[in-house]
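# got a predicted structure plus its sequence, pasted below:
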Amino acid sequence: MFHWLHSLRQRKQEEKSSLLHSSEGFLPPSQDTFAAIGELSRVVRNNPDAVEIYLALGNLFRSQGEIERAIQIRTNLIARPQLDEHFKARAWFELGVDFKRAGILDRAHAALEQAYKITGDDPAVLKELARLYADNNDFEKAAKYYSLLGQPLAQAHYMVKEAQKEPNKSQSYKLTQKAIKVYPGSAEAWLEIICRDFEMAQWKSLQSSLKTGLQMVAEGLGFVLLEGLYQFIIKNSPGTQQCFIDENCSNVIVDTLSSFDQNLIFCYYCSIFLKQSGQISRTREWLEKTLVMDQEFWPARLEILDISQHEQVMTQSFKTQLIFFTRKARMVKRFVCKKCGLKREQIFFLCPRCYSWHSISFRTLLNE
Ligand SMILES: [Zn+2]
């Protein structure tokens, strides 16, 4: 037995035992699907030349999780000596998708590359290949295929991913700059540049790259740079000390954000950076500014509560309840995909649910 067939059988058995997989993966076959499969099988038995129908039957099997049978159909087609090139490419393509679905990625690559050889820059093939390489952490190839697809945003995204993998710092920096050339609004590339400036404590440079980055990224996406930098600082801060941001750094950030038209999110991030550098009265000023703009802006209320706690005289029991609720409130996911509504605690560039690019937004209202 082929090696892949064996692992496919094994996988199928694992799938059966996983509830999550069966509920998310394949739809249970309906009477209609059974009828369609029966009908199509009958037609192809009588018309072996009906290649279209063969392919459709394979897709039906795949949609029902019967990947083995789908693969069998494609393989039989490809083996036909007289098969038209166009159909051969289609069969390779569908076979690639079958293998991908089965989780046998090297076979999926090989099949899709065969389809690519025949069709050249066919968008459907390029798209499958790009995603496959991206899922496989081969970012250079993913970037290449997104470039062929004419999707500079995605191309730049994977160039940055490649840069993050690059151990040589100056090479990595060059690659990030290249990504910006490919797509000037690449929030992921600007974030890399800003974090690098922070790492080297180059505040002047941080100021100019943050400013340019905020000007270049799409409207409403600036918070990704601020949140991303903030998370980067937390990740790289030793210990759990209260004020872990250099005062010079937060001052530079506040100066930069102040040079833009005042908006809720920028005011909020001014307060966040000031708070972590221990400038509490300035923190309060910026938080109050946000509430003048929007009384319902809950993250600011949470911060005000946090910095005011120490000034209150509270019973132990009251304090315990307050701590409980503020801790719960901090678990509220602040980011949401504008396209599909997926909520997340961490920023994302590609929505993990609907695969939209740069569709993230900040939930300014709790019921958003
Ligand atoms: Zn989404």
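On my side now, so go ahead.
# isn't S41 up against A56?
No: S41 is not in contact with A56 according to C-beta atoms under 8 Å; the separation is 11.1 Å. Any C-beta I mention is one placed from the backbone N, CA and C, and that applies to glycine too.
# looking at those two, which one has more neighbours?
A count of neighbours by other C-beta atoms under 10 Å puts A56 above the other of S41 and A56, at 17 against 14.
# residues contacting the more buried one?
Counting by C-beta atoms under 8 Å, 6 or more residues apart in numbering, A56 touches L40.
# next up, the contacts around the nearest residue to D306 once chain neighbours are set aside.
Leaving aside its chain neighbours, D306 sits nearest to T326 (6.4 Å; criterion: C-beta to C-beta, 6 or more residues apart in numbering). Neighbouring residues of T326 by C-beta under 8 Å, 6+ apart: L302, L305, D306.
# any idea how far the second one lies from the ion?
L305 sits 31 Å away from the ion, taking C-beta to the ion, to the nearest Å as the criterion.
# just the strands from this protein, written as ranges.
Along the chain, counting by DSSP state E, strands occupy 335-337, 343-344, 360-362.
# closest to the ion out of these?
For the strands of the chain, proximity to the ion was assessed by C-beta to the ion; strand 335-337 is nearest, at 3.1 Å.
# quick one: that closest one near the ion?
Yes: under the criterion of C-beta under 5 Å from the ion, the ion is reached by strand 335-337 at C337.
# what residues does this structure put near the ion?
C337, K339, C340, L342, C351, R353, C354, S356.
# what subset of those is buried?
Buried by 16 or more other C-beta atoms under 10 Å: C337, L342, C351, out of the residues of the chain next to the ion.
# which pLDDT value goes with the residue nearest to the first one when sequence neighbours are not counted?
Using C-beta to C-beta, 6+ apart and skipping the chain neighbours, the partner closest in space to C337 is C351 (4.4 Å). Residue-level confidence at C351 comes out at 97, pLDDT.
# next one: M331
For M331, pLDDT reads 88.
# which residues touch stretch 331-345?
227, 298-299, 346-348, 351-354, 356, 359-363, 366, 368.
# how far does it stretch from start to finish?
8 Å (C-alpha to C-alpha, to the nearest Å).
# out of the residues of the chain next to the ion, who's nearest A130?
S356 (15.3 Å; C-beta to C-beta).
# how about the closest one: what's its closest non-neighbour residue?
Nearest one to S356, counting by C-beta to C-beta, 6+ apart, is K339 at 4.2 Å.
# picking up where we left off before, how much space between the residue nearest to C337 and K178?
25 Å (C-beta to C-beta, to the nearest Å).
# point out where the stretch 1-150 of the chain drops to low pLDDT.
1-30, 45-48 (pLDDT under 70).
# the closest residue to the ion within it - nearest residue in space that isn't next to it in sequence?
With C-beta to the ion as the measure, R131 is the residue of the stretch 1-150 of the chain nearest to the ion, at 15.5 Å. In space, R131 comes closest to A142 once its chain neighbours are excluded; the distance is 7.7 Å by C-beta to C-beta, 6+ apart.
# what do you get for D255?
Q207 (6.7 Å).
# circling back to that earlier point, tell me which residues touch the residue nearest to R131, please.
By C-beta under 8 Å, 6+ apart, the contact set of A142 is A130, R131, Y133, A134, A154, Y158, K161.
# mind doing that once more with 10 Å?
129-136, 154-155, 157-159, 161-162 (C-beta atoms under 10 Å, 6 or more residues apart in numbering).
# ok, now A35?
No contacts exist for A35 under C-beta under 10 Å, 6+ apart.
# rewinding a little: buried deepest among the strands of the chain, which one?
Comparing those by mean neighbour count (mean count of other C-beta atoms under 10 Å), strand 360-362 ranks first with a mean of 21.
# tell me what it is packed against?
helix 222-235, helix 264-276, strand 335-337 (3 or more C-beta pairs under 10 Å, 6 or more residues apart in numbering; DSSP states H and E).
# state the mean pLDDT of it.
Per-residue scores along strand 360-362 average to 96.
# that strand: how far from the chain's middle?
From the chain centre to the centre of strand 360-362 is a distance of 13 Å (C-alpha atoms, centre = their mean, to the nearest Å).
# name the nearest residue to L83, sequence neighbours excluded.
That would be L77: by C-beta to C-beta, 6+ apart, it lies 6.3 Å from L83.
# residues near the one you found, how many?
20.
# residues in contact with it?
V51, Y54, L55, G58, L83, F87, K88, R90, A91, W92, E94, L95.
# and what of W203?
With C-beta under 10 Å, 6+ apart, W203 has these contacts: D197, D246, N248, C249, N251, V252, I253, D255.
# restricting to C-alpha, output the lengthiest helix in the chain in CSV.
For the chain, the longest helix by residue count, based on DSSP state H, is helix 85-102. C-alpha atoms of helix 85-102 as CSV (Å, rounded to 0.1, in the frame of the first residue of the first chain):
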residue,chain,number,x,y,z
GLU,A,85,-3.9,19.0,-20.9
HIS,A,86,-6.6,21.3,-19.5
PHE,A,87,-8.3,18.4,-17.7
LYS,A,88,-5.0,17.0,-16.6
ALA,A,89,-4.2,20.3,-14.9
ARG,A,90,-7.7,20.3,-13.3
ALA,A,91,-7.2,16.8,-12.0
TRP,A,92,-3.8,17.7,-10.5
PHE,A,93,-5.3,20.8,-8.9
GLU,A,94,-8.1,18.9,-7.4
LEU,A,95,-5.7,16.2,-6.2
GLY,A,96,-3.7,18.8,-4.5
VAL,A,97,-6.7,20.1,-2.7
ASP,A,98,-7.7,16.5,-1.7
PHE,A,99,-4.2,15.9,-0.2
LYS,A,100,-4.3,19.2,1.5
ARG,A,101,-7.7,18.3,3.0
ALA,A,102,-6.2,15.0,4.1
